[in-house]
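Peer 1: The following comprises the amino acid sequence and a computationally predicted model.
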There are 2 protein chains.
Amino acid sequence: MELFYSHDIAGITARLDAEESGHCVRVLRHRVGDEISVIDGLGSLFKCRLAVADPKGAEAEILERVPGFGAVPYRLTMAVCPTKNIDRFEWFAEKATEFGVDAIIPLVGDHSERKVLKSERLRRILLSATKQSLKARIPALGELVSVREFLKSHSGLKLVCCCFEPEGGRKTITEAIRAAAPGTPVTVLIGPEGDFSDDEVALAMESGWIPVSLGASRLRTETAALAAVAAVYFACTDNEDSTI
Amino acid sequence: MELFYSHDIAGITARLDAEESGHCVRVLRHRVGDEISVIDGLGSLFKCRLAVADPKGAEAEILERVPGFGAVPYRLTMAVCPTKNIDRFEWFAEKATEFGVDAIIPLVGDHSERKVLKSERLRRILLSATKQSLKARIPALGELVSVREFLKSHSGLKLVCCCFEPEGGRKTITEAIRAAAPGTPVTVLIGPEGDFSDDEVALAMESGWIPVSLGASRLRTETAALAAVAAVYFACTDNEDSTI
């Protein structure tokens, strides 16, 4: 099954941009009348019939809409300090999309070495991974924001992965999710390679973030971020009764 | 904390090879008398004092042995068909090592596009990830073997990740682990990009492999393999009572 993406869906017509049109008509050799599947990147899949087989501007007639196609049974925002080596962050973005994530927010912490981020390449990776993993919703990519600012602005189940053992200890992500009300959106915060600063940790505690542990293994930033996604994914899909 | 690797530990002396010696003496500028940590790759860490600061052949005197350093509370063999794009399999090997895995066995299935594998580069990745994640045991890397041969030869908790829904359904990895006797070694089988052949699936069922699901998301081969590692990791570290 091949998915095409359209950001121009109106009435019963889905228009593909030049890149998607080329892939549909020139590479996959679809002809007028062929059935194709188009996603809107917002959560819906449209079963369509190709109406205009123009390799620079193809158009498809919508036959049926499938809302929530490929959706996961949880709401997850991953707020992650991008790695110095951007490949590792891009890899995380791809894999998180395959599991299922609603938003990725890149953060700059006091100890971050990376303070800039090109979002264009990341957006392409998110789109490609969304299509490849047969989902209809492209994860939102936030603007780069400081850890301090982000800490103050959030609601829902707010989890911060930290390496230190704070007063009162740390829960696992599974425990934190099971203790929350079903349906609560989850946000997980992952610090930079140099970890959070003491000030950031203090602010997180003041702002009601729950410190969580990812187990005993020392994981790289991007591995920790993906481990958190996997933990939420398994906590919410392994058992129906724990689905949030 | 920086770990060095030695495959030549005898009596109270750990000898570093040329590469590790260069890193220790030339790059990190360790001098005679400095305390360094050396792993044997088999599970033990040795606290040492540098005795010979030769950048081509350093030697350290062992002060203390720490067995089981960085060990995980489970025994896991990942038997995985390597991806066509070898980067993706290498990435899996690195990340699986960070979480903790005892052995990685590359397999060739009926539908495998990749039928050869250079193990030298993979071994370097496994060593590097072991040191980076502060573990003392380097995962064993098996020889490339056919899925059929592998299916017949294994014991312990044998799980096969499959995309189809077999008669009797599929458990999750967490359920399968919780149903097994504590301490049972786990083996997880991951098929190639083209999935297992019908013959392989039939052979797996005959040979007592348990079909397991990784949830509803469609994961790439290497993502599925890492998801399985994460599932075992969390199932065995999240709750003390489920530790196997």
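Peer 2: Okay, I see it.
Peer 1: Only C-alpha atoms from now on, for both contacts and neighbour counts.
Peer 2: OK.
Peer 1: now the residue nearest the centre of chain A, nearest residue through space, not along the chain?
Peer 2: Nearest to the geometric centre of chain A sits A:Val101, at 3.3 Å (CA atoms, centre = their mean). Closest residue in space to A:Val101, ignoring its immediate chain neighbours: A:Leu76 at 5.4 Å, by CA to CA, 6 or more residues apart in numbering or on different chains.
Peer 1: Using the three-state scheme, assign A:Phe4.
Peer 2: Under DSSP: H, G, I helix; E, B strand; the rest coil, A:Phe4 falls in the strand class.
Peer 1: mind checking how far the residue nearest to the centre of chain A is from chain B?
Peer 2: 11 Å (CA to the nearest CA, to the nearest Å).
Peer 1: Tell me who's in contact with that residue.
Peer 2: With contact set as CA atoms under 8 Å, 6 or more residues apart in numbering or on different chains, A:Val101 has these partners: A:75-78, A:139, A:229.
Peer 1: A helix includes it, no?
Peer 2: No. Counting by three-state DSSP, A:Val101 falls outside a helix, being coil.
Peer 1: ok, back up a step: pick out whichever of the contacts of A:Val101 sits closest to chain B.
Peer 2: Nearest to chain B among the contacts of A:Val101 is A:Val229, at 10.0 Å by CA to the nearest CA.
Peer 1: In this structure the closest one contacts A:Ala96, no?
Peer 2: Yes. The pair A:Val229 and A:Ala96 qualifies as a contact (CA atoms under 8 Å) at a distance of 6.4 Å.
Peer 1: wait, does the longest helix seen in chain A make contact with chain B?
Peer 2: Longest helix in chain A, counting residues (DSSP state H): helix A:221-237. Yes. In terms of CA under 8 Å from any CA of the partner chain, part of helix A:221-237 sits within range of chain B, namely A:223, A:227, A:230-231, A:234, A:237.
Peer 1: neighbour-wise, which of those residues leads?
Peer 2: Counting neighbours by other CA atoms under 10 Å in any protein chain shown, A:Ala227 comes out on top of the residues of helix A:221-237 next to chain B with 27 neighbours.
Peer 1: what residues are up against the closest residue to that one other than its chain neighbours?
Peer 2: Spatial nearest neighbour of A:Ala227, chain neighbours left out: B:Ala230 (6.7 Å); criterion: CA to CA, 6+ apart. With contacts defined as CA under 8 Å, 6+ apart, B:Ala230 is in contact with A:227, A:230-231, B:99.
Peer 1: Show me what stretch A:133-144 is in contact with.
Peer 2: For stretch A:133-144, the external contacting residues (CA under 8 Å, 6+ apart) are A:3, A:39-45, A:68-71, A:97-98, A:101-108, A:116-117, A:119, A:123, A:126-127, A:130, B:217-220.
Peer 1: Flag every buried residue along whatever helix or strand A:Thr97 lives in.
Peer 2: Per DSSP states H and E: A:Thr97 is located in helix A:86-99. Across helix A:86-99, burial judged by 16 or more other CA atoms under 10 Å in any protein chain shown covers A:88-99.
Peer 1: got the CA coordinates for it in PDB?
Peer 2: Extracted in PDB, the C-alpha atoms of helix A:86-99 (Å, rounded to 0.1, in the frame of the first residue of the first chain):
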ATOM      1  CA  ILE A  86      21.800  16.000  13.900                       C
ATOM      2  CA  ASP A  87      21.600  12.600  12.300                       C
ATOM      3  CA  ARG A  88      20.800  11.100  15.700                       C
ATOM      4  CA  PHE A  89      17.900  13.500  16.200                       C
ATOM      5  CA  GLU A  90      16.600  12.900  12.700                       C
ATOM      6  CA  TRP A  91      16.800   9.200  13.400                       C
ATOM      7  CA  PHE A  92      14.700   9.700  16.600                       C
ATOM      8  CA  ALA A  93      12.100  11.700  14.600                       C
ATOM      9  CA  GLU A  94      11.800   9.000  12.000                       C
ATOM     10  CA  LYS A  95      11.400   6.200  14.600                       C
ATOM     11  CA  ALA A  96       9.100   8.100  16.900                       C
ATOM     12  CA  THR A  97       6.800   8.700  13.800                       C
ATOM     13  CA  GLU A  98       6.700   5.000  13.100                       C
ATOM     14  CA  PHE A  99       5.600   4.200  16.700                       C
END
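Peer 1: Tell me the spacing between A:Asp40 and A:Leu16.
Peer 2: Noted for A:Asp40: a distance of 10 Å to A:Leu16, by CA to CA, to the nearest Å.
Peer 1: shared neighbours, the two?
Peer 2: By CA under 8 Å, 6+ apart, A:Asp40 and A:Leu16 have these common neighbours: A:5-7.
Peer 1: Which members of the contacts of A:Val101 occur in strands, if any?
Peer 2: Cross-referencing those against strands under DSSP state E gives A:76-78.
Peer 1: Of the residues you listed - the most surrounded one?
Peer 2: Neighbour-wise, the ones in strands among the contacts of A:Val101 (other CA under 10 Å) top out at A:Met78, 24 neighbours.
Peer 1: Might one say that it is in contact with A:Gly191?
Peer 2: No. A:Met78 lies out of contact with A:Gly191 (CA under 8 Å); the separation is 11.0 Å.
Peer 1: Comparing A:Asp40 and A:Leu16, which residue is more hemmed in?
Peer 2: With neighbours defined as other CA under 10 Å, A:Asp40 and A:Leu16 compare such that A:Leu16 has more, 25 against 18.
Peer 1: how about low-confidence regions in chain A?
Peer 2: Residues of chain A meeting the criterion pLDDT under 70: A:238-244.
Peer 1: Can you list the residue ranges for strands in it?
Peer 2: Along chain A, counting by DSSP E, strands occupy A:3-5, A:8-10, A:13-15, A:35-39, A:44-52, A:59-67, A:76-80, A:103-108, A:140-141, A:145-146, A:157-161, A:171-172, A:186-190, A:210-213.
Peer 1: Between the ones you listed, which one is closest to B:Lys56.
Peer 2: Closest of the strands of chain A to B:Lys56 is strand A:186-190, at 39.5 Å (criterion: CA to CA).
Peer 1: distance between the closest one and the chain's centre?
Peer 2: 12 Å (CA atoms, centre = their mean, to the nearest Å).
Peer 1: what does chain A have sitting close to chain B?
Peer 2: By CA under 8 Å from any CA, the residues of chain A that approach chain B are A:70, A:72, A:95, A:98-100, A:133-134, A:172, A:174, A:215-220, A:223, A:227, A:230-231, A:234, A:237-238.
Peer 1: Pop the domain breakdown of chain A in here.
Peer 2: A:3-67, A:76-242 (automatic domain parsing).
Peer 1: Save the ones you listed as JSON lines, and put in distance to B:Glu61 too.
Peer 2: Putting those into JSON lines (distance: least, CA to CA, whole Å) gives the following:
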{"stretch": "domain A:3-67", "distance to B:Glu61": "60"}
{"stretch": "domain A:76-242", "distance to B:Glu61": "27"}
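Peer 1: Which one of those domains lies nearest to B:Leu63?
Peer 2: domain A:76-242 (24.6 Å).
Peer 1: So what touches stretch A:179-198?
Peer 2: Residues from elsewhere that reach stretch A:179-198 (CA under 8 Å, 6+ apart): A:74-83, A:108-113, A:156-163, A:220-221, A:224-225, A:228, A:242-244.
Peer 1: Give me the buried subset of those.
Peer 2: Buried among the contacts of stretch A:179-198 by 16+ other CA under 10 Å: A:74-83, A:108-110, A:112-113, A:157-163, A:220-221, A:224-225, A:228, A:242-244.
Peer 1: now stretch A:69-84, how far from the centre of its chain.
Peer 2: That offset, for stretch A:69-84, works out to 3 Å (CA atoms, centre = their mean).
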